[in-house]
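Peer 1: sequence first, then the predicted structure, then my questions.
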Amino acid sequence: MNYKCYFTSLRSENMQLALYQPDIPPNTGTIIRMAACLNVQVNIIEPCGFPFGEKSFRRAGMDYIDQSRIIRHASWEIFLDNIGLSRLILLTTKATEAYTDIAYLPDDIILLGRESAGVPDDVQTRADRRVIIPMTPETRSLNVALSASMVLGEALRQTALFPPLSGK
């Protein structure tokens with residue numbers, strides 16, 4: 001519980017990610033690292049399936065943890081109370097619409113479910129849009145961090161919200 005959060009508000013000028021009760025620390029750390037590199041806020045909706053803290057994320061997140069914008073939400077209800085007018089775009093294997101077939105908005109929140117169980121029906125119902133990554137029929141799903149990067153990349157491309165090139 002000693003992990004420091006850098007922002008206390010969901011208000012953001014950029015797209016956001018939300019992780020619903022994540023249960024694999026390295027995946028969460030990888031997503032935090034990606035979000036830091038792309039200037040995207042990460043919302044962690046608790047309870048997590050692991051002790052929440054810097055030690056859990058340090059290996060995958062490496063030194064990007066200190067550059068991350070992370071907000072912890074004690075519950076789904078508290079998260080919902082703070083999202084304002086932002087749309088929730090749920091990435092789910094139960095969707096019928098490809099993630100590349102929708103128009104993203106700059107203040108969208110891309111929501112990812114638990115690695116082990118996805119999200120419950122009430123979360124599915126609350127999402128404004130539900131999208132899927134098309135895959136071959138004999139496969140089930142991709143790693144949640146990989147999925148997050150694919151969908152976030154498309155959303156940032158469409159909205160021209162990628163950080164500017166640094167000239168390195």
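Peer 2: Done, it's in.
Peer 1: give me the neighbour count for P47.
Peer 2: Neighbourhood size, P47 [other CB atoms under 10 Å]: 12. Where you see a C-beta, it was placed from the backbone N, CA and C, and this is true even at glycine.
Peer 1: once you drop chain neighbours, what's closest to it?
Peer 2: Q21 (6.0 Å; CB to CB, 6 or more residues apart in numbering).
Peer 1: now for the protein: which helix has the highest residue count?
Peer 2: helix 144-159 (DSSP state H).
Peer 1: lowest-scoring secondary structure element of the protein by mean pLDDT?
Peer 2: Within the chain, no helix or strand scores below helix 54-61, which has a mean of 54 by mean pLDDT, DSSP states H and E.
Peer 1: after that one, which helix or strand is next?
Peer 2: strand 70-73 (DSSP states H and E).
Peer 1: output that following strand as CSV - backbone C-alpha positions only.
Peer 2: C-alpha atoms of strand 70-73 as CSV (Å, rounded to 0.1, in the frame of the first residue of the first chain):
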residue,chain,number,x,y,z
ILE,A,70,-1.2,6.0,-11.9
ILE,A,71,-4.4,6.3,-10.1
ARG,A,72,-5.7,3.6,-7.7
HIS,A,73,-9.4,3.1,-7.3
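Peer 1: show me what the helix or strand that that strand is followed by is packed up against.
Peer 2: Per DSSP H and E, the first helix or strand lying C-terminal to strand 70-73 is helix 76-81. When contacts are defined as 3 or more CB pairs under 8 Å, 6 or more residues apart in numbering; DSSP states H and E, helix 76-81 packs onto strand 41-45.
Peer 1: and the strand it packs on, what does it pack against?
Peer 2: strand 16-20, helix 25-37, strand 70-73, helix 76-81.
Peer 1: so of the ones you listed, which one's packed in deepest?
Peer 2: strand 16-20 (a mean of 24; mean count of other CB atoms under 10 Å).
Peer 1: and for it, what's in contact with it?
Peer 2: 10, 28, 31, 35, 40-45, 76, 79, 86, 88, 107-114, 119, 123, 148, 152 (CB atoms under 8 Å, 6 or more residues apart in numbering).
Peer 1: quick check: angle from that strand to strand 41-45?
Peer 2: Counting by axes from the mean of the first three to the mean of the last three CA atoms, to 10 degrees, strand 16-20 lies at 20 degrees to strand 41-45.
Peer 1: partner strands of strand 16-20 and their direction?
Peer 2: Sheet pairing here is set by DSSP bridges, and for strand 16-20 it gives strand 41-45 (parallel), strand 109-112 (parallel).
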